[in-house]
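**Student:** Sequence plus predicted model, see below.
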Amino acid sequence: MISARAFVAPSRQCLRGLRVAPTQASPFSQFRGYAAAAKGKVGAFKGTKGPDGNYTVTLIEGDGIGPEISQSIKDIFSAAKVPIKWEPVDVTPILKDGRTTIPEYAINSVRKNYVALKGPLATPIGKGHVSLNLTLRRTFNLFANLRPCRSVAGYKTPYDNVDTVLIRENTEGEYSGIEHVVVDGVVQSIKLITREASERVLRFAFQHAEASGKNKVRVVHKATIMKMSDGLFLNTAREVAKEFPNIEFDAELLDNTCLKMVTDPTPYNDKVLVMPNLYGDILSDMCAGLIGGLGLTPSGNIGDECSIFEAVHGSAPDIAGKALANPTALLLSSIMMLQHMGLNEYATRIQKAAFDTLAEGKTLTGDLGGSSKTHEYAGAIIKRL
Ligand SMILES: NC(=O)C1=CN([C@@H]2O[C@H](COP(=O)(O)OP(=O)(O)OC[C@H]3O[C@@H](n4cnc5c(N)ncnc54)[C@H](O)[C@@H]3O)[C@@H](O)[C@H]2O)C=CC1
Ligand SMILES: O=C(O)CCC(=O)C(=O)O
Ligand SMILES: [Mg+2]
């Protein structure tokens, strides 16, 4: 693994006309912990190469900016000669027995390949199909959503050296979608928490803390108010913590976490944060804001059988179809995927090309203060491969 210091270029064109000292954080080893955690532990990759020497990976391009950013990943992977073959599938929802589901052939593709890269999928507000993101996570029992967020060297934000890792329970909680009308004007939404789902995501968090060397786990909760549901999550964490005597464990109330993180995120760098579903959803967007926005933060949905990698962001309808999107978040997700698959050399090479391009600051998309189109930024990465 290339060291953090090796990455920092001596002179750097900085953003928005500013010349700043390089941030110390280097993204090179960003996902090392994940790759280590994947070996022989929860979520280890089960796929094998085909007779042509390639792995097959399911590709869900997604909605809005999805096809544009997916094209960038395909172009970069092709230029880097990554030994994978894409298997594109369409997950336009179908109604089966009164429930939203995704087409059988798409489900079979992910099951067969054990791995997928996914662009964002839009969810209608109010009436309409349930979130397909949620449907995918539930269909494949992708119980842990790993969301790392690390400062990009050379891109100046109010905080240098952000390096947070957030693990979100991914199958239940406030995202359970169990809602009903009690009487006209009164609705009820059920936050479902089970010991089983809590235990497996918590164990994943502790294993990740061990593998990444962070060695501290913090549960983020609101058990003061949701005494039973968050209480069960917290108590389960206390139990699981006993299995990991070398990992420091503590807990913090969600509102306090938000305040402290936006005041100074660096004390969170040495911890793995683990929490119920909705808290992780919100906190991960907040963390993205600390390092330059949603164009930069990746994620992995990890299950025992399959895993699906996707950006933290959504379909960005406000910029869709204009080649304005930043594909870095999906690219970093695809790099996590390569590490998950053990294709570390390709991951490192692509990662270096991407971060060198960002650090140079000449070919950036609009969200980072540049004026380059999605494909121009991808082209600059390709030139560096
Ligand atoms: N995992 C997924 O597939 C997710 C899907 N969604 C869905 O996406 C749709 C839109 O949701 P929004 O609330 O608008 O959130 P969003 O994440 O799509 O966009 C929020 C803001 O960030 C910007 N942004 C997002 N990704 C960007 C990128 N790669 N490059 C540059 N700018 C970027 C957008 O332009 C927008 O201003 C909704 O239907 C929502 O349900 C939202 C979050 C995650
Ligand atoms: O499924 C959706 O519409 C939103 C999902 C989301 O915000 C997330 O996974 O972070
Ligand atoms: Mg979200």
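**Tutor:** Ah, there it is. Ligands and ions are numbered 1, 2, ... in the order given.
**Student:** can we go C-alpha only for contacts and neighbour counts from here?
**Tutor:** OK.
**Student:** what's around residue 376, how many residues?
**Tutor:** Neighbourhood size, residue 376 [other Cα atoms under 10 Å]: 16.
**Student:** Assign a three-state SS to it, would you?
**Tutor:** helix (DSSP: H, G, I helix; E, B strand; the rest coil).
**Student:** That one and residue 363 touch, don't they?
**Tutor:** Yes: using Cα atoms under 8 Å, residue 376 makes contact with residue 363 at a distance of 7.2 Å.
**Student:** Just list the residues touching residue 306, thanks.
**Tutor:** Residues near residue 306 by Cα atoms under 8 Å, 6 or more residues apart in numbering: 43, 45, 110, 111, 113, 114, 115, 140, 142.
**Student:** Could you identify which of these has the most neighbours?
**Tutor:** residue 115 leads the contacts of residue 306 on contacts (other Cα under 10 Å) with 28 neighbours.
**Student:** How about the contacts made by that residue?
**Tutor:** Residue 115 neighbours (Cα under 8 Å, 6+ apart): 45, 47, 57, 58, 306, 307, 308, 309, 337.
**Student:** how about CSV for those, with distance to residue 280 and secondary structure added?
**Tutor:** Output for those, formatted as CSV (distance: Cα to Cα, whole Å; DSSP: H, G, I helix; E, B strand; the rest coil):
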residue, distance to residue 280, secondary structure
45, 24, coil
47, 29, coil
57, 27, strand
58, 26, strand
306, 21, coil
307, 18, strand
308, 17, strand
309, 16, strand
337, 20, helix
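**Student:** ok, those residues vs residue 320, which is closest?
**Tutor:** residue 309 (20.6 Å; Cα to Cα).
**Student:** Residue 110 versus the nearest residue to the closest one once chain neighbours are set aside, what's the distance?
**Tutor:** Spatial nearest neighbour of residue 309, chain neighbours left out: residue 300 (4.4 Å); criterion: Cα to Cα, 6 or more residues apart in numbering. Note on residue 300: its distance to residue 110, by Cα to Cα, to the nearest Å, is 14 Å.
**Student:** Then residue 326?
**Tutor:** Counting by Cα to Cα - residue 326 and residue 110 are separated by 26 Å.
**Student:** Ok, residue 119 next?
**Tutor:** 14 Å.
**Student:** what about the closest residue to ligand 2 within the stretch 251-385 of the chain, helix or strand, and which?
**Tutor:** Ligand 2 sits closest to residue 281 of the stretch 251-385 of the chain, with a gap of 4.7 Å, by Cα to the nearest ligand atom. Element membership of residue 281, judged by DSSP states H and E, is helix 277-291.
**Student:** and residue 203, what is it in contact with?
**Tutor:** residue 240.
**Student:** returning to that earlier point: save the contacts of residue 115 as CSV, and put in pLDDT and distance to ligand 2 too.
**Tutor:** Listed next are the contacts of residue 115 as CSV, based on pLDDT from 0 to 100; distance: Cα to the nearest ligand atom, whole Å:
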residue, pLDDT, distance to ligand 2
45, 91, 22
47, 93, 25
57, 98, 21
58, 98, 19
306, 95, 17
307, 96, 14
308, 98, 12
309, 98, 11
337, 96, 17
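**Student:** right, and out of the residues you listed, which lies closest to residue 256?
**Tutor:** residue 309 (29.6 Å).
**Student:** Return the set of residues that bridge with the closest one.
**Tutor:** residue 117, residue 300 (DSSP bridges).
**Student:** interface residues of the stretch 51-200 of the chain facing ligand 2?
**Tutor:** Proximity of the stretch 51-200 of the chain to ligand 2 (Cα under 6 Å from any ligand atom) is limited to residues 122, 123, 131, 133, 134.
**Student:** which SS class is the spatially closest residue to residue 202 that is not a sequence neighbour?
**Tutor:** In space, and not counting its chain neighbours, residue 202 is closest to residue 237: 6.2 Å by Cα to Cα, 6+ apart. Secondary structure assignment for residue 237 (three-state DSSP): helix.
**Student:** Do I have it right that residue 237 meets residue 201?
**Tutor:** No: under the criterion of Cα under 8 Å, residue 237 is not in contact with residue 201, lying 9.5 Å apart.
**Student:** Can you give me the pLDDT of residue 176?
**Tutor:** The predicted structure scores residue 176 at 88 on the pLDDT scale.
**Student:** secondary structure element for it?
**Tutor:** Per DSSP H and E: strand 173-183 holds residue 176.
**Student:** Following the chain onward from that strand, which element is next?
**Tutor:** strand 186-192.
**Student:** Give me the angle between that following strand and helix 277-291.
**Tutor:** Using axes from the mean of the first three to the mean of the last three Cα atoms, to 10 degrees, the inter-axis angle of strand 186-192 relative to helix 277-291 is 80 degrees.
**Student:** Within its sheet, name the partner strands of strand 186-192 and how each one runs.
**Tutor:** By DSSP bridges, strand 186-192 pairs with strand 173-183 (antiparallel).
**Student:** Using CSV, list the CA coordinates for the partner strand.
**Tutor:** Coordinates of each C-alpha in strand 173-183 appear next as CSV, following Å, rounded to 0.1, in the frame of the first residue of the first chain:
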residue,chain,number,x,y,z
GLY,A,173,-35.3,0.3,11.9
GLU,A,174,-37.1,3.4,10.7
TYR,A,175,-36.7,2.1,7.1
SER,A,176,-39.0,-0.8,7.8
GLY,A,177,-41.8,1.0,5.9
ILE,A,178,-44.5,-0.5,8.1
GLU,A,179,-47.1,2.2,8.2
HIS,A,180,-50.8,2.4,8.6
VAL,A,181,-53.7,4.8,9.1
VAL,A,182,-55.0,4.5,12.7
VAL,A,183,-58.0,6.8,12.0
